[in-house]
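Colleague: Generate coordinates for the sequence data below:
(chains A and B)
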Amino acid sequence: MTYLLSFILVSALATFATRVIPFLFLERHTDHPLIKHLGRYLPAAVMALLATVFLVRSADWQASLPGLDALVTGVLVVGMHLWRRNALLSIVTGTAAYMIIVQTGVTA
Amino acid sequence: MERGPGRMDSSNRILYHAMLYKVWMLMNQSVFRLTLPILFGYLPLGTAFGVLFATQLDYPWWAAPLMGVLIYAGAGQILAVSLLAVGAGLVEVAVAMFVLNARHLFYGLSLLGRFRGAGWRKAYLIFGLTDETYSLLTSRSRGPDRHHEQRVDFRITAFNQSYWVVGCAIGALLGENVMFDSRGIEFALVALFIVLTLEQYHALKDLFPIWTGAAAAGVAMLVLPPAHQLIGAIALVTVVLLAHYHRLRTSANPVSPEQRS
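Modeller: Numbers count the residues shown, from 1 in each chain, chains lettered A, B, ... in the order given. Now for the predicted structure:
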């Protein structure tokens, strides 16, 4: 039990450290042009990167049509969002389509 | 003498409190709507973690939601299950957790100004910076009142974590007896990242960071093992953005910023 609790405490501190370090060391440089540059472009780049990595990981690469499940739903989400620009609608449509594909195994 | 709304008769006071309540409900309604995609992602993923915890380990069930409360990191907690299973040393645990979550080092960069002056809320805002919360906070539109926006940020963070903790608890309590077929529902988070990428483009009107991010992800997935792909891609993106910054600066004025000062 002591091991479990110290394990959780150590994990919590290590995780919090990764989140708090920029605030500890860069707080005074908030208005530096480099920080502003990163603040402006980093979120868009990180979002595109997360979308790419998780989309590729959600694909079934062992299927007879490898990656089709994620490709179809990814295109559906993009199309839906460009059409209606309603975040919830795009997400619900894409997720429902993906669940149907995965659970029925149509692309497997 | 009563405090708060001042001198008013009881019916007015009831009206006043009813209004306050309504405003509070409306505010949380919009936060709930905003965080709904994360609910769809965090509940099943938290449940998956809880099931893993309960079936792989011999620890009491409440440790799973406790980890959701104190650690609050999806990949980190799943790694924690395998580390707990082998009884890993605490130094090893600290290093593994830090490396796995190192991508969060970069998230604070875009939020330094936004969290400034947030008072006691700031520590929690920083603690709760997961991929998904970071995505929502940097993508949503903001008004001019920074303190109001920080309170909204705080509620978004708290809502998201509550979904995660509830998921962890459900999973650990149910163990292997999870009954409904929710396979694929975690795609909500992928869809969320896609939507937020489009929204980021809409706000910036610049495809450069989008292509940089996608290309970095492609490179990282080709050359790195899964556990290091996210941090690898984020490091790569940061290097490209640094080079981009340097080029913009040197082309804008022939004298570099360091030489001027």
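
Colleague: Would you state the helices of the chain in chain order?
Modeller: Because you didn't say which chain, this covers chain A. In chain A, the segments counted as helices under DSSP state H are A:2-25, A:33-57, A:68-84, A:87-104.

Colleague: To clarify, I was referring to chain B.
Modeller: Taking DSSP H as the criterion, chain B carries its helices at B:10-56, B:63-70, B:74-86, B:90-100, B:104-107, B:121-127, B:131-139, B:146-174, B:187-204, B:208-223, B:226-252, B:257-260.

Colleague: A:Val56 contacts B:Met221, doesn't it?
Modeller: Yes - because the distance of 6.1 Å satisfies C-beta atoms under 8 Å, A:Val56 is recorded as touching B:Met221. All C-beta atoms are positioned from the backbone trio N, CA, C, and that covers glycine.

Colleague: low-scoring pLDDT stretches of the stretch 151-261 of chain B, where are they?
Modeller: Applying pLDDT under 70 to the stretch 151-261 of chain B flags residues B:178-180, B:253-261.

Colleague: about what we covered before: nearest to B:Gly113, of the helices of chain A?
Modeller: Between B:Gly113 and the helices of chain A, the tightest spacing by C-beta to C-beta is seen for helix A:33-57, at 7.0 Å.

Colleague: got the buried residues for that closest one?
Modeller: A:35-56 (16 or more other C-beta atoms under 10 Å in any protein chain shown).

Colleague: Ok, stretch B:23-32 next?
Modeller: For stretch B:23-32, a neighbour-count test (16+ other C-beta under 10 Å) marks B:Val31 as buried.

Colleague: can you check stretch B:212-226 too?
Modeller: Applying a neighbour-count criterion of 16+ other C-beta under 10 Å, the buried positions in stretch B:212-226 are B:212-217, B:220-221.

Colleague: Those into a markdown table, with extra columns for distance to B:Asp58?
Modeller: Converted to a markdown table, the buried residues of stretch B:212-226 look like this (distance: C-beta to C-beta, whole Å):
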| residue | distance to B:Asp58 |
| --- | --- |
| B:Thr212 | 46 |
| B:Gly213 | 42 |
| B:Ala214 | 43 |
| B:Ala215 | 45 |
| B:Ala216 | 41 |
| B:Ala217 | 38 |
| B:Ala220 | 36 |
| B:Met221 | 36 |
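
Colleague: burial count for B:His244?
Modeller: With neighbours defined by other C-beta atoms under 10 Å in any protein chain shown, the count for B:His244 comes to 16.

Colleague: ok, B:Asn28 - contacts?
Modeller: Applying C-beta atoms under 8 Å, 6 or more residues apart in numbering or on different chains to B:Asn28 gives the contacts B:Arg155.

Colleague: Distance of it relative to chain A?
Modeller: 16 Å (C-beta to the nearest C-beta, to the nearest Å).

Colleague: Count the neighbours of the closest residue to B:Ala63 other than its chain neighbours for me.
Modeller: Leaving aside its sequence neighbours, B:Ala63 sits nearest to A:Leu4 (C-beta to C-beta, 6 or more residues apart in numbering or on different chains; 5.9 Å). The local packing count at A:Leu4 equals 15, with neighbours defined by other C-beta under 10 Å.

Colleague: One more: B:Val86?
Modeller: Neighbour count for B:Val86, taken as other C-beta under 10 Å: 8.

Colleague: cool, B:Ala102 as well?
Modeller: Other residues near B:Ala102 number 17, with proximity taken as other C-beta under 10 Å.

Colleague: does B:Val166 really touch B:Gly46, like I thought?
Modeller: Yes - A contact is recorded between B:Val166 and B:Gly46 when judged using C-beta under 8 Å, the distance being 6.9 Å.

Colleague: more crowded one of the two?
Modeller: When B:Val166 and B:Gly46 are compared for neighbours, B:Gly46 comes out ahead with 25 against 18, by other C-beta under 10 Å.
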